[in-house]
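# Requesting a structural model of the entry that follows:
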Amino acid sequence: MDKTIKRNSFILGTIGALITLAIYLYMWQAQDYLNPLLNTSIYIYPILIGVIAQVWSRLALKGNVSFKQVVLAYFICIIMIFITESVTYYILLNHVDTDAKQILLDAWRGITEKGQNSLAKSDVFKAPTYSLSEFALGFATKTLMFTVPGLITGLIISKIPQVNK
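Below you'll find the predicted structure:
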């Protein structure tokens, strides 16, 4: 059972990773790092692909699926997508196009200047350095944050009554 789930999730995770790679390569080629549509999609399609993996797991096992199995299906997809995102973005910003870091830093400074408050004035928020450790922390944080929707949808998908035909 778990082999089917892992195989299907790996297939969908690979598709999600390729979508991620394509988005970041487009952003780099077009120098369109601040495109709100692309930056918003980066937070939507991983959830959709993870839920599709959960549903596909349920269908592949003919409805006889546990909560653990559907969460595993979701988690595999999320891990693959966010590893690809972190590695691709790190390589692009630190090795391929180091000028892009300045574009992103200027945008970050613009956002913090617009939202001046007592915390921003006291330098609580430090400028990003786009180092490997920041990307690793970002990967871990996103993985944990995006696991919550997977747990919720996993609970729903695993509790749907099985229809016997």
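
# isn't residue 20 right up against residue 88?
Yes: with the criterion set as CB atoms under 8 Å, residue 20 and residue 88 qualify as a contacting pair; they are 6.9 Å apart. Backbone N, C-alpha and C define where each C-beta goes, glycine included.

# between those two, which one's more packed in?
Per other CB atoms under 10 Å, whichever of residue 20 and residue 88 has more neighbours is residue 20, with 25 against 21.

# isn't residue 139 right next to residue 83, touching?
Yes: Residue 139 lies in contact with residue 83 (CB under 8 Å); the separation is 6.7 Å.

# who's more crowded, the two?
Set side by side, residue 139 and residue 83 give different neighbour counts by other CB under 10 Å, the larger being at residue 139 (18 against 15).

# where's that one, which helix or strand?
helix 132-159 (DSSP states H and E).

# Can you name every helix or strand that that helix contacts?
Using 3 or more CB pairs under 8 Å, 6 or more residues apart in numbering; DSSP states H and E as the contact criterion, the secondary-structure elements in contact with helix 132-159 are helix 36-60, helix 67-91.

# Now do the buried residues in that helix.
For helix 132-159, the buried set under the neighbour-count rule, 16 or more other CB atoms under 10 Å, comprises 135, 138-139, 142-143, 146-147, 149-150, 153-154, 157-158.

# Mean pLDDT per helix and strand in this protein: which one sits at the bottom?
Of all helical and strand segments in the chain, the minimum by mean pLDDT, DSSP states H and E falls on helix 118-121, at a mean of 50.

# Output the below-cut-off pLDDT ranges for the protein.
Within the chain, the stretches falling below the threshold (pLDDT under 70) are 1, 107-128, 163-165.

# centroid residue for it?
Closest residue to the average C-alpha location of the chain: residue 82 at 4.5 Å, with CA atoms, centre = their mean.

# ok, that one touching residue 145?
No: Residue 82 lies out of contact with residue 145 (CB under 8 Å); the separation is 10.1 Å.

# how much space between the residue nearest to residue 10 when sequence neighbours are not counted and residue 24?
Counting by CB to CB, 6 or more residues apart in numbering, residue 76 is the residue found nearest to residue 10 once chain neighbours are left out, at 6.3 Å. The gap separating residue 76 from residue 24 is 21 Å, by CB to CB, to the nearest Å.

# what's the answer for residue 133, then?
Applying CB to CB, the value for residue 133 to residue 24 is 20 Å.

# for residue 74, same thing?
Here the criterion is CB to CB. By it, residue 74 lies 22 Å from residue 24.
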